[in-house]
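Engineer: Here is a sequence with its predicted model. Questions after.
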Amino acid sequence: MSIRASFVRLGLRAFVKSRAGPIPDLAASRKGYNSIKWLVPPPPRATRVTKHEIAGVKAVRVATPRSLPGRHMLYLHGGAYINGSPAHYRDFIWRIADVTSSSVLCIDYRLAPEYPFPAALDDAVASYRWLLADGATPQQLSIMGDSAGGGLTFATLLRLRDEGVPMPAAAVTLSPWTDLALTGESIRTNARLDVMLSAEQAPALASHYLGTADPRHPYVSPLYGDHAGLPPTLIHVGSEEVLLDDSVRIAERLRAAGCAVELEIWPRMPHVWHLFARVLPEARKAVTRIGVFVQQEMAAADRKS
């Protein structure tokens with residue numbers, strides 16, 4: 001682990017984890033999230049950012065000089081389903097667009113508790129269908145998400161498959177939240193080790209999104225779904241995260257269903273460390289790894305078509 005990663009871990013524990021009480025204060029959480037948004041650096045000048053509206057949902061499409069015509073990605077942001085927006089990812093999405101040679105569509109899906117399940121899922125599915133209608137081919141399309149957005153990525157794939165929509169060439173999830181029933185052992189065993197997420201807050205956060213839904217419904221918690229037919233998937237997670245088992249168990253179930261999956265457990269990396277790519281060498285390495293995976297899977301999909 002790099003010295004910079006050690007400092008990031010200390011900062012997260014001091015300024016994020018230590019301030020998290022047992023019950024999340026929604027208003028305070030959103031105020032903190034929105035204050036951080038203005039500190040996120042803009043992408044390089046050569047980056048092309050265009051605004052869209054898809055079935056009433058705002059979105060931004062990000063491309064760099066390396067983005068190839070016809071290659072696309074749908075990105076679903078994290079934030080426990082209650083926070084987050086494309087603006088929080090200004091310094092990250094362009095990096096993903098660059099390494100995958102894609103135009104990345106990041107949607108501002110509806111947030112809970114004002115819009116509980118299935119609002120976010122409906123927005124994600126509509127956005128994927130919009131990309132296909134806009135000319136994207138499945139062989140040159142990928143889907144990616146982090147944290148809650150990682151779980152939403154799997155849920156979107158399950159529903160698209162059930163509706164008979166062609167699967168993308170690849171999927172990538174970063175520290176995905178795949179089990180809102182909170183049955184993973186790491187919720188308890190990593191509760192003190194995780195420098196960012198509070199295990200105590202997890203039940204309340206889950207309830208905001210669930211509303212009246214069953215926490216084991218596959219479209220809520222994709223861990224419990226039938227994973228047959230899902231695309232090749234790369235999963236990144238830190239070894240000390242409370243959500244570690246959410247990644248480990250869904251990878252096991254994907255393999256059992258005959259799906260290609262690569263699970264990478266990064267030693268002592270914090271939750272979605274990729275977002276610190278401006279300062280962390282481990283984050284830049286992880287972003288590069290994502291690029292290699294997506295490029296390989298799209299090339300393979302092209303050969304099969």
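Structural biologist: In hand now; what should we look at?

Engineer: So which bits of the worst-scoring helix or strand of the chain on mean pLDDT are buried?
Structural biologist: Lowest mean confidence among the helices and strands of the chain (mean pLDDT, DSSP states H and E): helix 26-37, at a mean of 88. The neighbour-count check on helix 26-37 (16 or more other C-beta atoms under 10 Å) flags 26, 29 as buried. For glycine as for every other residue, the C-beta is placed from the backbone atoms N, C-alpha and C.

Engineer: cool, and stretch 154-163?
Structural biologist: Neighbour counts over stretch 154-163 (16+ other C-beta under 10 Å) mark 154-161 as buried.

Engineer: Against Ala80, how distant is Pro24?
Structural biologist: 8 Å (C-beta to C-beta, to the nearest Å).

Engineer: more neighbours, those two?
Structural biologist: More crowded of Pro24 and Ala80, by other C-beta atoms under 10 Å: Ala80, with 22 against 19.

Engineer: my read: that one touches Ala148, true?
Structural biologist: Yes. Counting by C-beta atoms under 8 Å, Ala148 is a contact partner of Ala80 at 5.3 Å.

Engineer: Common neighbours of the two, please.
Structural biologist: 177, 209 (C-beta atoms under 8 Å, 6 or more residues apart in numbering).

Engineer: what residues are up against Ala148?
Structural biologist: 78-81, 84, 177, 209.

Engineer: Spell out the secondary structure type for the residue lying closest to Asn190 once chain neighbours are set aside.
Structural biologist: Of all residues not flanking Asn190 in the chain, Val242 sits nearest, at 4.9 Å (C-beta to C-beta, 6 or more residues apart in numbering). Under the three-state scheme (DSSP: H, G, I helix; E, B strand; the rest coil), Val242 adopts coil.

Engineer: For Val242, give its distance to Gln201.
Structural biologist: Using C-beta to C-beta, one gets 10 Å for the distance from Val242 to Gln201.

Engineer: the more surrounded of the two?
Structural biologist: Per other C-beta under 10 Å, whichever of Val242 and Gln201 has more neighbours is Val242, with 28 against 18.

Engineer: my read: that one touches Arg192, true?
Structural biologist: No. At 9.7 Å, Val242 does not count as touching Arg192 under the criterion of C-beta under 8 Å.

Engineer: Does Ser229 touch Pro166 like I think?
Structural biologist: Actually, residue 229 is Gly rather than Ser. No. Judged on C-beta under 8 Å, Gly229 makes no contact with Pro166 at a distance of 10.6 Å.

Engineer: Just confirm Gly11 is within a strand.
Structural biologist: No. Gly11: not assigned to a strand; according to three-state DSSP it is helix.

Engineer: wait, what's in contact with it?
Structural biologist: By C-beta under 8 Å, 6+ apart, Gly11 lies in contact with nothing.
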